[in-house]
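Student: Sequence and computational prediction follow.
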Amino acid sequence: MGLSLRDFTQQGLTSIYTASEPEDIERAFDAFVSPNAEIHVNDKQISREDFKKLVSRNSLITNVSVEFPNAIDVPKKGAQGEALAGPEVIIWS
């Protein structure tokens, strides 16, 4: 069995946030976000490009930690896949 949705999300975001070179950011983002993704932030749908800008690393950041302390994994009944609900905590320094 593969990663849980929580682990996949945490790994994907961590890879994006910790990449330092533009090509590494691009590679990490493409590995994490489908070209056909429908992305919602705070109940508002945004484009894949806008999401990429939102999560791209700021050159002043030296350390990043991504956590989901209150997230709940909810398996789909009778089908593969799961849902993830709850806030993420991203610690920048």
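Tutor: Right, received. Where do you want to start? Residues are numbered from 1 along each chain as shown.
Student: Excluding chain neighbours, give the residue nearest to Gly2 in space.
Tutor: Phe8 (7.6 Å; CB to CB, 6 or more residues apart in numbering). C-beta coordinates here come from the backbone N, C-alpha and C atoms, glycine included.
Student: cool, and Asp50?
Tutor: Ile39 (8.0 Å).
Student: Output the below-cut-off pLDDT ranges for the chain.
Tutor: 1, 57-62, 72-93 (pLDDT under 70).
Student: at 90 what do you get?
Tutor: For the chain, the stretches flagged by pLDDT under 90 are 1-22, 24-25, 37-44, 51-93.
Student: can you give me the strands for it?
Tutor: Along the chain, counting by DSSP state E, strands occupy 39-41, 44-46, 64-67, 72-75, 82-85, 89-92.
Student: Which strands or helices does the third one pack on?
Tutor: This points to strand 64-67. Identification of packing neighbours for strand 64-67 by 3 or more CB pairs under 8 Å, 6 or more residues apart in numbering; DSSP states H and E yields helix 5-18, strand 89-92.
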